[in-house]
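*Asks:* dropping the sequence and predicted coords here.
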Amino acid sequence: MFNIPICIIFVHTRLSRARRVSENAFGILANRWRILLNRMLISPDKAIAVVTACCVLHNLLCSHKEAKRLYIHEDLVDQENTDSGELFPGELYQILNTQ
């Protein structure tokens, strides 16, 4: 096959994991704050304010243990077996793909 240096494989694995984390985070935001699912027909300044408000509300809800339990259930996001690196997709992709 190909002789790909181990450092390239390592970087690719880390970038892939970072992409999954950011996709999960945005998926949670968009699933909870529906304004993020569609194109916003507002000025860029207002769009920045809307996205910032969604992020602040998300962080506030995640910072309290009881609120987090109600806000994000663990089956919603991808889970990864850290020993094998196997990824188990969450329900989020199913929810977003049916809309």
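*Replies:* Structure's in. What do you need?

*Asks:* Val50: neighbour count?
*Replies:* 15 (other C-beta atoms under 10 Å). (C-beta placed from N, C-alpha, C; glycine too.)

*Asks:* wasn't it part of a helix?
*Replies:* Yes - applying DSSP: H, G, I helix; E, B strand; the rest coil, one finds Val50 inside a helix.

*Asks:* now do the same contact list for it.
*Replies:* Applying C-beta atoms under 8 Å, 6 or more residues apart in numbering to Val50 gives the contacts 35, 40, 42.

*Asks:* now it: how far from Leu41?
*Replies:* 11 Å (C-beta to C-beta, to the nearest Å).

*Asks:* show me where this structure has helices.
*Replies:* 6-32, 44-63, 65-71, 92-97 (DSSP state H).

*Asks:* so for the closest residue to Ala47 other than its chain neighbours, what's the pLDDT?
*Replies:* Among residues not flanking Ala47 along the chain, Met40 sits closest, at 4.9 Å (C-beta to C-beta, 6 or more residues apart in numbering). Model confidence at Met40, given as pLDDT, is 92.

*Asks:* partner residues bridging Gln79?
*Replies:* Phe88 (DSSP bridges).

*Asks:* contacts only, for it.
*Replies:* By C-beta under 8 Å, 6+ apart, the contact set of Gln79 is 87-88, 90.

*Asks:* out of the contacts of Val50, grab the one that's most surrounded.
*Replies:* Ile35 (14 neighbours).

*Asks:* okay, the contacts of Val50 in TSV with distance to Ile9 next?
*Replies:* Output for the contacts of Val50, formatted as TSV (distance: C-beta to C-beta, whole Å):
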residue	distance to Ile9
Ile35	39
Met40	39
Ile42	43
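
*Asks:* out of those, who's nearest Cys55?
*Replies:* Ile35 (12.5 Å; C-beta to C-beta).

*Asks:* can I assume the closest one is in contact with Leu57?
*Replies:* No - counting by C-beta atoms under 8 Å, Ile35 does not reach Leu57; the two are 11.6 Å apart.

*Asks:* low-confidence stretches in the protein?
*Replies:* 1, 68-74, 76-77, 92-99 (pLDDT under 70).

*Asks:* all set now, cheers.
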